[in-house]
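Q: pasting a predicted model and its sequence here:
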Amino acid sequence: MSKTVLITGAAGFLGSHLCDRFIEEGFQVIGMDNFITGDKDNLQHISNHPNFEFIEHDVTNYIEINQPIDYILHFASPASPIDYLKIPIQTLKVGSLGTHNLLGLAKAKKATILIASTSEVYGDPLVHPQSEDYFGNVSSIGPRGVYDEAKRFQEALTMAYRRFHGLDTRIARIFNTYGPRMRLNDGRVIPAFMGQALRGEALTVFGDGSQTRSFCYVDDTIEGIYRLLFSDYTLPVNLGNPEEITILDFAQEILGLTSTDQKIKYAPLPKGDPLKRQPDIALAKKILNWAPKVNRSEGMKKTLEYFRTLPESKLFKVDHKDFSKHIKR
C-alpha cells in the first residue's frame with residue numbers, strides 16, 4: 001500500500017511543487033491550505049489526480065484527519081516581507097499554534113514530520129557563510145521579527161517534541177528559492193525584478209545594491225527536502241545554493257536576460273534587511289549527498305518563461321490582497 005503524506009501550505013510556491021514530487025513518487029497526497037497567500041491555480045493541474053486530496057483549512061485551528069498519515073510536511077506560512085508585514089499576527093500564529101497542532105497530529109498518527117524553517121533564523125548574520133551551528137543575529141522586536149521568531153520558535157517546539165515525546169522530526173532551513181509558481185508581486189527580489197522588467201519599469205534596488213543573496217532553483221530545493229525527509233538526521237540542515245551575487249549585479253543579469261534597457265532606480269534599504277546571505281551546505285553534502293545542480297542562468301530562463309505565460313491581469317496587478325477576513329485576533 002502507498003504511504004500518505006500531508007503537505008500544509010500546499011497551494012503555495014514550495015508546497016505545490018512538493019505535492020507534484022510526492023505524487024510522482026507514488027504517495028497519496030493530502031494538500032492543506034487556507035489560501036491566505038496560496039493560489040488555487042498552483043494545484044489546478046493535479047486537482048483531479050486520484051492520488052491527491054485537498055482540504056481547505058487554517059492550521060492554526062484544530063486539525064482532524066481520520067485516515068492514517070505517514071508523513072507531514074509543514075510548509076504553511078507567509079514567506080515574503082510584503083505578506084508577513086501585512087499579516088504579522090497570522091504569521092506568528094502559523095509558526096506557533098500551527099506548528100503545535102501539526103506536531104500533535106504527527107504524535108497521534110505516529111508520523112514523521114518535516115518543518116520548513118528558513119535562513120531568516122540567522123537574521124542579519126555576523127558569520128559568513130552561515131552554517132547550522134551559528135545561532136544568528138535576530139531582532140525579536142524588529143519589523144521582520146514576526147517571521148524570524150515564528151520560525152525560531154517553530155524549531156524549538158519541534159525539538160521539544162522530539163526530546164520529550166520521541167517524535168520523528170526533520171528541520172529544513174531553506175534559503176532563497178525561486179522558480180515557476182512564485183507570486184509575481186510578492187515583494188521578493190526575483191519576481192520583483194522580472195515583473196518590473198516585463199512591465200517596462202525601472203528595476204528597484206534597495207540601498208546601494210551591495211547586499212548579497214544566494215538563489216536556489218526550486219527543483220534542487222525540493223530534491224533536498226525529499227532526501228532530508230527520508231534521512232535519519234534530526235537537527236537543522238541548510239538547503240540552498242552557495243553561489244553568492246550582489247543585488248546590483250543580479251539586477252544587471254535580469255536586464256540582460258529579458259533583453260530590456262530599463263534603468264535601475266535606488267530606494268532606501270528596509271530596516272532589518274540582511275546584508276549577507278549565503279548558505280554553508282557542507283552538512284547537506286555529507287549527510288544527504290545533495291548539492292544544487294541547476295545553474296542560475298538555466299533556472300532564471302525557466303522562471304522567466306513562466307512569468308511570460310501569466311495573463312496581463314497578473315502581470316500588471318500590484319498585489320494588495322485583503323487579508324483581513326483571515327486574521328483571527
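A: That came in fine, so what should we check first? Numbers count the residues shown, from 1 in each chain.
Q: now for the nearest residue to residue 95 once chain neighbours are set aside, how many residues are close by?
A: Closest residue in space to residue 95, ignoring its immediate chain neighbours: residue 150 at 2.8 Å, by CB to CB, 6 or more residues apart in numbering. No exception for glycine: its C-beta is placed from N, CA and C like everyone else's. Applying other CB atoms under 10 Å, we find 26 other residues in the vicinity of residue 150.
Q: which residue ranges of the chain form strands?
A: With DSSP state E, the ranges of strands along the chain come out as 4-8, 28-33, 52-56, 71-74, 112-118, 169-174, 177-178, 203-206, 212-214, 216-217, 237-239, 244-246, 264-267.
Q: now do the same for residue 246: its pLDDT.
A: We have a pLDDT of 95 for residue 246.
Q: mind listing what it touches?
A: Residues in contact with residue 246 (CB atoms under 8 Å, 6 or more residues apart in numbering) are 209, 210, 211, 212.
Q: what is the last one paired to in the beta sheet?
A: Going by DSSP bridges, residue 212 is paired in beta bridges with residue 246.
Q: my guess is it contacts residue 245. True?
A: Yes: when contacts are counted by CB atoms under 8 Å, residue 212 is listed as touching residue 245 (6.4 Å).
Q: re earlier: okay, the strands of the chain in CSV with distance to residue 102 next?
A: Output for these, formatted as CSV (distance: least, CB to CB, whole Å):
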stretch, distance to residue 102
strand 4-8, 7
strand 28-33, 9
strand 52-56, 13
strand 71-74, 5
strand 112-118, 6
strand 169-174, 11
strand 177-178, 21
strand 203-206, 34
strand 212-214, 28
strand 216-217, 25
strand 237-239, 19
strand 244-246, 33
strand 264-267, 38
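Q: so which of those comes closest to residue 255?
A: Among these, strand 203-206 comes nearest to residue 255, with 6.9 Å by CB to CB.
Q: okay, buried residues for that closest one please.
A: Buried positions in strand 203-206, judged by neighbour count with 16 or more other CB atoms under 10 Å: 203, 205.
Q: check stretch 84-101 too.
A: Those would be 84-88, 90-101, for stretch 84-101 by 16+ other CB under 10 Å.
Q: please report the distance of residue 239 from residue 20.
A: 18 Å (CB to CB, to the nearest Å).
Q: who's more crowded, these two?
A: Just comparing residue 239 and residue 20: by other CB under 10 Å the higher neighbour count belongs to residue 239, 29 against 18.
Q: please name the nearest non-neighbouring residue to that one.
A: residue 224 (4.0 Å).
Q: give me the neighbour count for that neighbour.
A: As a burial measure, residue 224 scores 24 neighbours (other CB under 10 Å).
Q: the one 5 residues further on too?
A: Residues within reach of residue 229, counting by other CB under 10 Å, total 18.
Q: quick one: the helices in the stretch 51-200 of the chain, in order.
A: Ranges of helices within the stretch 51-200 of the chain are 81-84, 88-109, 145-165, 189-199, based on DSSP state H, counting those that start in this stretch.
Q: got the ones you listed as JSON lines, with distance to residue 6 and mean pLDDT columns?
A: Below are the helices of the stretch 51-200 of the chain laid out as JSON lines (distance: least, CB to CB, whole Å; pLDDT from 0 to 100):
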{"stretch": "helix 81-84", "distance to residue 6": "23", "mean pLDDT": "85"}
{"stretch": "helix 88-109", "distance to residue 6": "8", "mean pLDDT": "97"}
{"stretch": "helix 145-165", "distance to residue 6": "16", "mean pLDDT": "97"}
{"stretch": "helix 189-199", "distance to residue 6": "28", "mean pLDDT": "91"}
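Q: how about those helices, which one is nearest residue 44?
A: Closest of these to residue 44 is helix 189-199, at 19.6 Å (criterion: CB to CB).
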